[in-house]
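**Q** any chance you could fold what I've pasted below:
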Amino acid sequence: MAQEPSPEQISQFVERFAGVLANSGVPTMSARVMGAMLVSPNGTMTAAELAGALKISQPAVSGAVRQLLQVSFITRERLPGSRKDHYRIREDVFATILERRNQGLGEWESTSRSGAELFGLDTPIGQRLTEAADFFAFIHTDMDQMIKNWRAEHPR
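**A** Numbers count the residues shown, from 1 in each chain. Got it, this is the predicted structure:
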């Protein structure tokens, strides 16, 4: 049986995890909140618990939580007997994150294709943009299928 990590080890993991998310485009404070929530024992945390765990202000938590709620990465709930809001990471949050990134690939593809048409399909610029669009389409299709496969194998 693994030894329970120390508070310092937990904090270091949360910051490392948040750094990975931040490097991929998640706002830093939101990434830190997600990291803390991910390792919370019961899967939920209040704003006060998040502020304490991350050693940040309540307004910083509020902004991060608001952003995470808007993009549906977390949910807000009330636990029986509690008057405080509790926040929980969605069960399928990582598939949701990749799904949103994949939508971006679709936009990259369409923009690259329109650029190729603008510069001419038979020009060096048009050929580069067509290759970029083909690449984005390829990845987009594969990512879409992988997400569908994941959800089929891991229903909510």
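**Q** so for the longest helix anywhere in the chain, what gets flagged as buried?
**A** Ordering each helix of the chain by length in residues (DSSP state H) puts helix 124-153 first. Applying a neighbour-count criterion of 16 or more other Cβ atoms under 10 Å, one finds 126, 129, 130, 132, 133, 136, 137, 140, 143, 144, 147 buried in helix 124-153. For the C-beta atoms, the positions are set from N, CA and C on the backbone; glycine is no exception.
**Q** which of those sits closest to residue 7?
**A** residue 147 (35.2 Å; Cβ to Cβ).
**Q** grab the nearest non-local neighbour of the residue positioned nearest the centre of the chain.
**A** The chain has residue 97 as the residue nearest its centroid, 4.1 Å off, counting by Cα atoms, centre = their mean. Excluding the flanking residues, the one nearest residue 97 by Cβ to Cβ, 6 or more residues apart in numbering is residue 73, at 7.0 Å.
**Q** report the contact partners of the one you found.
**A** 30, 34, 89, 90, 93, 96, 97 (Cβ atoms under 8 Å, 6 or more residues apart in numbering).
**Q** one more: residue 92?
**A** With Cβ under 8 Å, 6+ apart, residue 92 has these contacts: 151, 154, 156.
**Q** state the phi and psi torsions of the residue nearest to the centre of the chain.
**A** Torsion angles at residue 97 (phi, psi; degrees, to the nearest 10) stand at phi -60, psi -50.
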